[in-house]
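A.B. asks: Sharing a model that was predicted from the sequence below.
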Amino acid sequence: MAGPIIAITDSPFPSLDPAKKALARLNPEYRMSKSSSAEDILAVARDADAILVTYAKLTAELIGQLTRCKSFGRFGLGVDNIDLKAAAAKGITVNYVPDYCIHEVSDHAMAMLLALARKLTLSNKVVQAGRWEMPAVVPIHRLHGQVLGLIGFGNIPRMVAPKAQAFGLRVVTHDPYVSADVLKAAGVEGVSFDALLGMSDFISVHAPLMDATRGLLNAAAFAKTKKGVRIINTARGPLIDEAALVAALDSGQVGAAALDVVATEPLPKDSRLLGRDNVILSPHTGFYSVEALEELQVKCASDVARVLSGEKPVYPIAAK
């Protein structure tokens, strides 16, 4: 008997074998979209039973044209590319994988923090240019005893905290949705957003992207920080107002920044973040490891298989 039709909107993976293995019990038919345009997606997904999506946008208009879809599986830990309300209105279950790369992203955030603290990229640039000069990278301050402020305290920052504490950093967080018991168990102090801005030597952003958090770190926020604060973002680029960040870097209010994500990806070649000795950039690689991508595919596809089999998914997400 023919199995369900599963449409794939886009795939950054070298192979989808882990996902297909997790779905094999359904004997599905796979259809791959030629591009992430709505027209090409609908060509393969209009009558599909499920859709696997990575970066493509599943808008309300597109979702409204699906005739029998029961499940969206998002290869990732954010769902800002899916109209959740439209999916709910059509009775489509949406699942994601909120815990697949927590080791990798927390490691990446700490690597960026350490690189900023010890000015490693600037030191490398100086030495590679043939200059063996310590004065080129001074001053550097002792990391032990400084304050790391975590904006958000979900799965990833909860793994950043003990790594930072191992280096002697005092860790504070602002997350109104986390209980005092969770913070106490982690040895992390919960503070107001303004207090975090004013007391942190490093600020690492880990909030979800939604209307309320878009541009969370803006000119008004930077004005409340310690002068010379260092900013780290491994979450979502639009959480930071980049024009305000550039202005704060120019004025010295922000001493340095390390960004794995930016508002527009790839980063435009004329971006004012480029060419700065006090800015570290990586091309949205914080999530990556061979093991993380396999885990992502398996968990996402397994939940789609559960939904299509009438079972409860492990990682559903509801419209807000």
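C.D. replies: That came through, no problem. Please read all numbers here as calculations on a predicted model, not as lab measurements.

A.B. asks: Quick check: E295 touching I102?
C.D. replies: No. Between E295 and I102 there is no contact under CB atoms under 8 Å: 10.3 Å. In this view, the C-beta of every residue, glycine as well, is placed from N, C-alpha and C.

A.B. asks: remind me which residues of the stretch 201-320 of the chain are low pLDDT?
C.D. replies: Applying pLDDT under 70 to the stretch 201-320 of the chain flags residues 320.

A.B. asks: what about the helices in it?
C.D. replies: 219-223, 242-251, 290-308 (DSSP state H, counting those that start in this stretch).

A.B. asks: Need the winner for burial among those.
C.D. replies: A comparison of the helices of the stretch 201-320 of the chain by mean neighbour count, using mean count of other CB atoms under 10 Å, puts helix 290-308 on top with a mean of 21.

A.B. asks: export the helices of the stretch 201-320 of the chain to JSON lines and tack on distance to G168?
C.D. replies: Shown next, in JSON lines, are the helices of the stretch 201-320 of the chain (distance: least, CB to CB, whole Å):
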{"stretch": "helix 219-223", "distance to G168": "26"}
{"stretch": "helix 242-251", "distance to G168": "27"}
{"stretch": "helix 290-308", "distance to G168": "28"}
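
A.B. asks: Which one of those helices lies nearest to L42?
C.D. replies: When those are compared for distance to L42 using CB to CB, the nearest one is helix 290-308, at 19.0 Å.

A.B. asks: pretty sure T173 is in a strand, no?
C.D. replies: Yes. If the criterion is DSSP: H, G, I helix; E, B strand; the rest coil, then T173 is within a strand.

A.B. asks: dump the residue contacts of it.
C.D. replies: With contact taken as CB atoms under 8 Å, 6 or more residues apart in numbering, T173 is in contact with 149-153, 157, 161, 183, 188-191, 196.

A.B. asks: Next one: it relative to P157, how far apart?
C.D. replies: The spacing between T173 and P157, counted by CB to CB, to the nearest Å, is 7 Å.

A.B. asks: list the residues that contact both of the two?
C.D. replies: Between them, T173 and P157 share these contacting residues under CB under 8 Å, 6+ apart: L150.

A.B. asks: about what we covered before: out of the helices of the stretch 201-320 of the chain, which is closest to K70?
C.D. replies: helix 290-308 (5.9 Å).

A.B. asks: That closest one: how far from the chain's middle?
C.D. replies: Taking CA atoms, centre = their mean, to the nearest Å, one finds the center of helix 290-308 at 18 Å from the center of the full chain.

A.B. asks: Output it as CSV, nothing but the C-alphas.
C.D. replies: Extracted in CSV, the C-alpha atoms of helix 290-308 (Å, rounded to 0.1, in the frame of the first residue of the first chain):
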residue,chain,number,x,y,z
VAL,A,290,28.1,16.3,12.5
GLU,A,291,26.4,14.7,15.5
ALA,A,292,23.9,17.7,15.9
LEU,A,293,22.7,17.5,12.4
GLU,A,294,22.0,13.8,12.6
GLU,A,295,20.2,14.3,15.9
LEU,A,296,18.1,17.1,14.4
GLN,A,297,17.0,15.1,11.4
VAL,A,298,16.1,12.0,13.5
LYS,A,299,14.1,13.9,16.1
CYS,A,300,12.2,16.1,13.6
ALA,A,301,11.3,13.2,11.3
SER,A,302,10.4,10.9,14.1
ASP,A,303,7.8,13.4,15.3
VAL,A,304,6.3,13.7,11.8
ALA,A,305,6.1,9.9,11.7
ARG,A,306,4.3,10.0,15.1
VAL,A,307,1.7,12.5,13.9
LEU,A,308,1.0,10.7,10.6
